[in-house]
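Novice: Return atomic coordinates for the entry below.
(one chain, ligands or ions: 2)
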Amino acid sequence: MDYRVNPGGCLRGQISVPGDKSISHRVVMLGAIADGVTEAEGLLEGADVLATIAAFQSMGVHMEGPDRGHLRIEGVGLRGLRAPSDIIDCGNSGTAMRLLAGLLAGQEFSCTLTGDASLRRRPMGRVLAPLAQMGAAIEAEDGRAPLHIHGRPLQGIHYDLPVASAQVKSAILLAGLYATGDTCVREPAPTRDHSERMLQGFGQPVRVEGAQRCLRSAGHLRGQSLRVPGDISSAAFFLLGASIAPKSDLLLEGVGINPTRTGIVEILTRMGARIDLLRLREVGGEPVADLRVRYAQLRGIDIPTRLVPLAIDEFPAIFIAAAAAEGVTRIRGAEELRVKESDRIAVMAAGLRTLGIAVEELADGAIIHGGVLGGGEVASHGDHRIAMAFAMAGLVARESVRITDCTNVATSFPNFAELARTAGLDLEVQTS
Ligand SMILES: O=C(O)C1=C[C@@H](OP(=O)(O)O)[C@@H](O)[C@H](O)C1
Ligand SMILES: C=C(OP(=O)(O)O)C(=O)O
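Specialist: Ligands and ions are numbered 1, 2, ... in the order given. Presented below is the predicted three-dimensional model:
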């Protein structure tokens with residue numbers, strides 16, 4: 001499935017983006033192994049989260065939904081999962097695979113996790129190493145999926161994360177629920193803290209000791225009812241589009257603004273964007289606001305490296321903002337982008353060059369020279385965020401932009417095309 005975006009137009013009105021993907025995965029996981037019922041509202045019904053739901057159903061967890069964002073989970077308790085009937089397919093989702101590896105390492109059964117071609121290329125050694133230190137037995141060729149997990153008793157560890165990764169942190173903390181003693185993870189820089197917040201909400205204390213997060217298993221979790229906030233990583237494409245397209249004025253309702261996720265707001269604001277945070281409130285243990293974004297001429301900046309983990313999924317959008325800005329933008333310290341659903345540095349650089357923008361690719365980032373975007377055909381390489389970022393580039397391109405291989409947009413934002421059209425993007429979905 002391809003997108004074709006015709007130039008012109010602006011983004012206006014009021015929209016709500018779907019539920020947060022990171023939080024949705026976690027509520028399914030914790031709800032499944034909690035005691036009692038968990039009810040989620042506003043859950044993302046994207047393919048990545050559906051893969052996590054199917055994984056727990058195959059391990060004997062009964063769920064109703066998801067139906068219009070509502071999911072009811074009958075928790076089986078920490079020790080209630082059963083050996084899955086088949087190989088677990090995590091699809092395109094790194095979060096599903098890495099968090100499940102931690103959650104399943106201490107079970108009393110064996111299972112296998114696999115995924116699509118993109119996920120089978122991504123590094124899993126980063127979770128296998130700490131889990132092995134905890135006593136896990138996980139076989140994987142060359143540190144890649146499929147992962148063959150042989151459940152074993154685990155013991156807690158103190159682990160210094162070599163990369164700033166919320167997925168690795170979360171995998172270790174989830175394994176810690178099944179381990180004896182304390183499990184502590186130290187991060188080199190702050191990363192999203194949804195696991196820590198949600199564990200607390202389910203009655204499992206997580207201690208914060210400087211850059212270290214520690215837990216000692218309470219032996220059980222308590223089922224919860226919670227509402228999932230809108231995903232700031234999905235809102236990011238609209239923050240981008242409205243910032244670069246003249247006459248835009250858009251309100252995004254109910255977006256999660258957890259400070260470990262708001263790097264995109266800070267980066268765009270530093271570039272000159274006009275973004276207002278309105279009606280600040282708390283939803284499901286997470287801060288939420290309505291975001292108003294209006295057109296503004298953006299300027300190139302040097303992106304502070306401390307903001308990289310706080311905006312890690314927003315770099316495809318940031319590359320487009322930089323291309324549409326006046327002057328030069330430098331991105332450094334972002335080598336993690338090379339091991340996402342695609343090599344996001346290489347794929348963004350190639351796509352921008354196709355549209356006539358000068359980009360110097362660096363091992364850990366890029367230097368982007370803002371200019372006028374032309375039209376052309378850009379390959380998304382099956383990466384949802386690349387597809388949505390280039391769709392927004394179409395607002396300011398001189399000719400139409402065709403983006404190929406956009407099916408995976410459904411992993412994180414199933415109604416993207418429809419919502420973008422509602423807001424004013426001239427986007428056609430082409431299936432051949
Ligand atoms: O924990 C999570 O839910 C996520 C963590 C990030 O990955 P890393 O931990 O690999 O940086 C992010 O890119 C991903 O989309 C979701
Ligand atoms: C990197 C992403 O997700 P995951 O690691 O879960 O595949 C993403 O959604 O941009």
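
Novice: from memory residue 316 sits against residue 385, does it?
Specialist: Yes - applying Cβ atoms under 8 Å as the test, residue 316 and residue 385 come out as touching, 4.4 Å apart. C-betas here are computed from N, CA, C, even on glycine.

Novice: what is in contact with these two at once?
Specialist: Among the neighbours of residue 316, those also in contact with residue 385 (Cβ atoms under 8 Å, 6 or more residues apart in numbering) are residue 344.

Novice: what's around residue 185, how many residues?
Specialist: Per other Cβ atoms under 10 Å, the neighbour tally for residue 185 reads 23.

Novice: Doesn't it belong to a strand?
Specialist: Yes - when classified by DSSP: H, G, I helix; E, B strand; the rest coil, residue 185 is found to be part of a strand.

Novice: which SS class is residue 417?
Specialist: Classification of residue 417 into helix, strand or coil gives helix, according to three-state DSSP.

Novice: So it versus ligand 1, what's the distance?
Specialist: 21 Å (Cβ to the nearest ligand atom, to the nearest Å).

Novice: Show me the strands in the stretch 151-300 of the chain, by range?
Specialist: Taking DSSP state E, counting those that start in this stretch as the test, the strands found in the stretch 151-300 of the chain are 154-155, 158-160, 179-180, 182-186, 207-209, 212-216, 225-227, 249-256, 274-283, 286-294.

Novice: now those strands as TSV including distance to ligand 2?
Specialist: Converted to TSV, these look like this (distance: least, Cβ to the nearest ligand atom, whole Å):
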stretch	distance to ligand 2
strand 154-155	24
strand 158-160	20
strand 179-180	24
strand 182-186	18
strand 207-209	24
strand 212-216	20
strand 225-227	20
strand 249-256	14
strand 274-283	21
strand 286-294	18
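
Novice: With residue 233 as the reference, name the closest of the ones you listed.
Specialist: strand 249-256 (9.2 Å; Cβ to Cβ).

Novice: Show me what the closest one packs onto, helices and strands only.
Specialist: Secondary-structure packing of strand 249-256 (3 or more Cβ pairs under 8 Å, 6 or more residues apart in numbering; DSSP states H and E): strand 12-15, helix 232-244, strand 274-283, strand 286-294.

Novice: so of these, which one's packed in deepest?
Specialist: Across the helices and strands packed on strand 249-256, averaging neighbours per residue (mean count of other Cβ atoms under 10 Å) puts helix 232-244 on top, at a mean of 28.

Novice: Nearest to ligand 1 within the stretch 1-150 of the chain, name that residue for me.
Specialist: Residue of the stretch 1-150 of the chain nearest ligand 1, by Cβ to the nearest ligand atom: residue 22 (3.2 Å).

Novice: is it true that that residue lies in a strand?
Specialist: No - with three-state DSSP as the criterion, residue 22 is helix rather than part of a strand.

Novice: Could you pull up the contacting residues of the nearest residue to it once chain neighbours are set aside?
Specialist: Ranked by Cβ to Cβ, 6 or more residues apart in numbering and with sequence neighbours excluded, the top spatial neighbour of residue 22 is residue 194, at 5.1 Å. Contacts were defined as Cβ under 8 Å, 6+ apart; by that measure residue 194 touches 20, 22, 23, 26, 166, 258, 286.

Novice: Point out the residues in the stretch 51-200 of the chain that sit beside ligand 1.
Specialist: Within the stretch 51-200 of the chain, the positions lying close to ligand 1 (Cβ under 6 Å from any ligand atom) are 94, 95, 165, 166, 167, 170, 192.

Novice: Quick one: the residues you listed as JSON lines, columns for distance to residue 349 too.
Specialist: Rendered in JSON lines, the data for those read as follows (distance: Cβ to Cβ, whole Å):
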{"residue": "94", "distance to residue 349": "22"}
{"residue": "95", "distance to residue 349": "25"}
{"residue": "165", "distance to residue 349": "23"}
{"residue": "166", "distance to residue 349": "26"}
{"residue": "167", "distance to residue 349": "25"}
{"residue": "170", "distance to residue 349": "30"}
{"residue": "192", "distance to residue 349": "26"}
